[in-house]
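>>> the following comprises the amino acid sequence and a computationally predicted model.
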Amino acid sequence: MGLLRVVGPNKAMVISGRTGRRGQKDARILVGGRAVVWPLLERCDLLSLELRTIQVESNQSMTVKGVSVNIIGVCQVKVSGYSEVDGSLVRDENAIRLAAQHFLGATDDEIDNSIRQTMEGHQRAILGSLSVEEVYRDRRAFSESVKRVATTDMRNMGLEIVSYTISHIRDSEGYLEALGVMQTQVVKREAQVAKAKNTAEAAKLSADYDLQATVEIDKAEKRKAESRRSVSLTQAAMKKEVGTAEEVALRARELEKEVLLQEIVANKTKQATKEAEEHVKVVELEAKQERIRMENLALAEGNALLLKREKDAAALRVYAEAEADRILATGRAEAEALRKRYEVELEMLRGKAEAYRQFGEAAIAVQAIEALPNIAEAIANPLSQTEKMVFIGGGDGNASSSFMKDISKGISTVTETVNAMTGVNINKILQNYANTMDQSNTGGVQKAIMDVAQKNPESAVTDLSGSADIEPLD
């Protein structure tokens, strides 16, 4: 397997040693890419394309007049990897191959030294064809000459001169300094002569200017007097004209004011008429809109009222139907209950009639006897409303006994009343059942009276046998 090598855009990778597919034996050049290098068959070398800044010194170099000077130049050189053609960068593979042929395997110092020596030779050659004054006065021309001459040699080595400038010029004999002093003196002398000439010319020009100024002042004064007179005449004429013009203008302004007022009044009248018409239109439109709104509102309210009444009528109809159904169902239920109650009562009456038919007076007597406690309760009920009872006796101490006798008489009266109302002789029946029924009746009456008395604890009567609340008064 081969080894993958990657190179950046600032270096050129030169691959050599293996014959290509078409039998080509030239080395492969790769800039800013990658390639597979086969061990033992191929060799891979890198050539820097970066810019090199080299200082070129030419010491004791003779000029065309035999004056020795020391010149220090600075050049920037690089391997011509790319060249610009019609605004596009094109790789200059030939320059890379030439640079690889000359410098592949050399160190940076060795490459810089080769470039320095070449540039120094051309620098000395150009310096020998010029004078010190020319070099000192026009450094740019000297630099361009060196660059132009050295470009061919650099191209043959695959290199390109990016820039070349002169950074320093000096000599050991003081020629440049003397040249500067001489030039300075010449300049100073020329400056003094020019100053004297300028002073004389300035004085002459000043006198001429003064004379011309005096003449011009006199002429100006004359023109000024004439101007004043002309101005006075003109002012008088203008005042007259102004007065006339002002009068005319005043009348014209008054007339124009009247016309303007009339136009303003007419415009205001038209505007008021137009506004009144617009107002009438607006009022009519608002009235029409209000009428339409009221009609729509009335129509909507009428429809709403009609719809509400229809809904109320429908609801009332539904309620009436439901109420009628409810009343009908209630009536049917009540009728059915009444019918059943009457049937039960009828059966009871039939049973009672059958009992009365079988037992005769005995059944009636039983009913009457069962009703005696109620009758006795009704008789004793007024006594429950009595707070205190006072008995007045005959002085023999038998007031309580007399009270019990009166109660017994009341009971006898009850039996007589029943006999009169029902035709049943209670006494006779009681005689037939003297032992049992007599005690039952007496006990029932007494029990009824006690029950009535206990319903009202505040009553004075609480015990038939005589208590502290019953006060017999003999």
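Now that the structure is in, tell me what you want to look at.
>>> going forward, measure contacts between C-alpha atoms and count neighbours the same way
Will do.
>>> quick one: contacts of the host helix or strand of Thr165?
Assigned by DSSP states H and E, Thr165 belongs to strand 159-170. Applying Cα atoms under 8 Å, 6 or more residues apart in numbering, the external contacts of strand 159-170 come out as 69-80, 95, 99, 136, 139-140, 143-144, 146-147, 151, 154, 176.
>>> any idea how far Glu295 is from Asn303?
12 Å (Cα to Cα, to the nearest Å).
>>> sorry, slip of the keys, the one I care about is Gly243.
Gly243 is 86 Å from Asn303, by Cα to Cα.
>>> and this protein, what are its domains?
Domain assignment of the chain by automatic domain parsing yields the ranges 49-173, 360-473.
>>> and these, which one's lowest on average pLDDT?
When these are ranked by mean pLDDT, domain 360-473 comes last with a mean of 57.
>>> may I see the buried residues of whatever helix or strand Ala141 lives in?
Taking DSSP H and E as the definition, one finds Ala141 inside helix 139-156. In terms of neighbour count (16 or more other Cα atoms under 10 Å), helix 139-156 has its buried residues at 139, 142-143, 145-147, 150-151, 153-155.
>>> and Ser172, its phi and psi?
Main-chain dihedrals, Ser172, degrees, to the nearest 10: phi -90, psi -10.
>>> can you give me the helices in the stretch 1-150 of the chain?
Listed in chain order, the helices of the stretch 1-150 of the chain (DSSP state H, counting those that start in this stretch) span 93-103, 108-128, 132-137, 139-156.
>>> okay, the ones you listed in JSON lines with distance to Ser227 next?
Putting these into JSON lines (distance: least, Cα to Cα, whole Å) gives the following:
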{"stretch": "helix 93-103", "distance to Ser227": "89"}
{"stretch": "helix 108-128", "distance to Ser227": "76"}
{"stretch": "helix 132-137", "distance to Ser227": "63"}
{"stretch": "helix 139-156", "distance to Ser227": "66"}
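>>> what's the closest of these to Gln192?
Evaluated with Cα to Cα, the helices of the stretch 1-150 of the chain place helix 132-137 nearest to Gln192, the distance being 24.2 Å.
>>> grab the longest strand from the protein for me.
Using DSSP state E, we find that the single longest strand of the chain is strand 3-16.
>>> which elements pack onto that strand?
When contacts are defined as 3 or more Cα pairs under 8 Å, 6 or more residues apart in numbering; DSSP states H and E, strand 3-16 packs onto strand 28-37, strand 43-48.
>>> which of those sits closest to Ala315?
That would be strand 28-37 among the helices and strands packed on strand 3-16, by Cα to Cα, at 95.6 Å.
>>> strand partners (parallel or antiparallel) of the closest one?
strand 3-16 (antiparallel) (DSSP bridges).
>>> angle of the strand it pairs with against helix 93-103?
Here strand 3-16 runs at an angle of 80 degrees relative to helix 93-103 (axes from the mean of the first three to the mean of the last three Cα atoms, to 10 degrees).
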